[in-house]
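>>> Output the structure for:
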Amino acid sequence: MSNNNKGIVGVVGLGSMGLGMAQTLAASQFETLGFDLSEERRALAAKSGVTPVSTISELFEKSAFLVFSLPTAKDVAGVVNNHIGVLDARQGQKIVIIDTSTSEPDVSRELADKLAGLGHGFLDAPVSGGPAGAASGKLTMMIGGSDEDVAVAGPVIEAMSAKALHVGPSGAGNVAKLVNNLLAAAHMVTTSEGLKLAAAAGIDPEAALRVLNAASGRSMISEVHFPTWIMSDRFDSGFSMGLMRKDVRLASELAARTGAELPLADAVAKLWAGSTELNDTDDFTRMGAFKSAGK
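Sure, this is the predicted structure:
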């Protein structure tokens, strides 16, 4: 690795998650570069010690590590494939891409194979913890990839996360994330329906929620999301209906490809896809309010 590039981290995507991760890396004394299509997001990054750049190519040319925070697997593959020339030119200067997007296992495996052939690394490393976790360096990361690439990227991963779990080879992190988000989507529905039942039977939903969170019915959705964003009517967790719908759909497609029979998950997927009263741009926590309101 060239000394000029040692430790430089480029962040592709400065949305609600990417900006927080870039800020955390800069605060951890990494020389951090950031790119986003939005000039406003680049300006926000610049206020926190992140050096904004005007092209993704500049990140690929200068960075030893690249952190992706992008909407879809198509976006991830597009960024990599559009910069294969730069990656090829930098053979001998190993770059490790840490893709924190909720992507697709097959896409991650294909990209990891392609980059390995050029002497670079690719980790699928989706995260849990939301914008607050990204901004505080307390994300949970579920990582797929080689032991070597995980070790090389260790300092960057450590700076961004409170927990980093190496699940297995390429694609394993994506699978774990889809399972996690499928369960979160299910917990949103089941918790809201449980509170709806409590209210119908004459129990104050907030009192019922306190019981759930002190007993075996609790989940992170009931402990964090309901009191913070749903019961308070804030609905600003930073994660959209569109993203959760996408993740539930990807989990359902994975189940179909692998032959896993998931009858309850199928019902959950239909509820999320069929909740047409809520727009993709709405915060996903509105699903809890919609169900608990009985609409």
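
>>> can you list the weak-confidence ranges in this protein?
1-6, 290-295 (pLDDT under 70).

>>> let's see 90
Low-confidence segments of the chain, defined by pLDDT under 90: 1-7, 238, 290-295.

>>> which other helices and strands contact the lengthiest strand in it?
Ranked by number of residues, the top strand in the chain under DSSP state E is strand 161-168. On a contact count with 3 or more CB pairs under 8 Å, 6 or more residues apart in numbering; DSSP states H and E, strand 161-168 meets strand 139-144, helix 172-200. C-betas here are computed from N, CA, C, even on glycine.

>>> How far off centre is the last one?
Centroid separation between helix 172-200 and its chain, computed with CA atoms, centre = their mean, to the nearest Å, is 17 Å.

>>> which parts of that helix are buried?
172-178, 180-192, 194-196, 198-199 (16 or more other CB atoms under 10 Å).

>>> Outline the domain layout of the protein.
9-168, 175-292 (automatic domain parsing).

>>> Pick the most deeply packed of the ones you listed.
Each of the domains of the chain was scored by mean neighbour count; the highest is domain 9-168, a mean of 20, by mean count of other CB atoms under 10 Å.

>>> ends of that domain, how far apart?
Domain 9-168 has an end-to-end distance of 24 Å (CA to CA, to the nearest Å).

>>> what's the answer for stretch 215-230, then?
Stretch 215-230 end-to-end distance (CA to CA) = 20 Å.

>>> contact partners of it?
Residues outside stretch 215-230 that contact it (CB atoms under 8 Å, 6 or more residues apart in numbering): 183-184, 187-188, 191-192, 194-195, 209, 211-213, 234-237, 283, 285, 288-289, 292.

>>> if we go to 6 Å?
184, 187-188, 191, 209, 212-213, 235, 237, 285, 288-289 (CB atoms under 6 Å, 6 or more residues apart in numbering).

>>> ok so, going back, among the helices and strands packed on strand 161-168, which is nearest Leu14?
strand 139-144 (15.9 Å; CB to CB).

>>> element containing the closest residue to Ala77 other than its chain neighbours?
Excluding the flanking residues, the one nearest Ala77 by CB to CB, 6 or more residues apart in numbering is Val107, at 5.5 Å. Element membership for Val107, per DSSP states H and E: helix 105-116.

>>> List of residues touching that helix?
73, 77, 80, 122, 124, 170-171, 174-175.

>>> Apply 8 Å and report the result again.
Residues from elsewhere that reach helix 105-116 (CB under 8 Å, 6+ apart): 73, 76-77, 80, 84, 87, 95, 97, 99, 121-124, 144-146, 170-175, 254.

>>> now the contacts of stretch 215-230 as CSV including distance to Met17?
Converted to CSV, the contacts of stretch 215-230 look like this (distance: CB to CB, whole Å):
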residue, distance to Met17
Ala184, 15
His187, 21
Met188, 19
Thr191, 24
Leu209, 27
Leu212, 28
Asn213, 26
Phe235, 18
Ser237, 12
Thr285, 16
Gly288, 21
Ala289, 23
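
>>> which of those lies closest to Ala159?
Among the contacts of stretch 215-230, and counting by CB to CB, the member closest to Ala159 is Ser237, at 23.5 Å.

>>> thought that closest one was touching Phe284?
Yes - in this structure, Ser237 is within contact of Phe284 by CB atoms under 8 Å, at 6.8 Å.

>>> shared neighbours of those two, which are they?
With CB under 8 Å, 6+ apart, Ser237 and Phe284 have no common neighbours.

>>> Quick check, Ala273 in contact with Met244.
No - counting by CB under 8 Å, Ala273 sits too far from Met244 to count as a contact (10.6 Å).

>>> What residues does Ala176 make contact with?
Counting by CB under 8 Å, 6+ apart, Ala176 has contacts 126, 142, 144, 165, 167.
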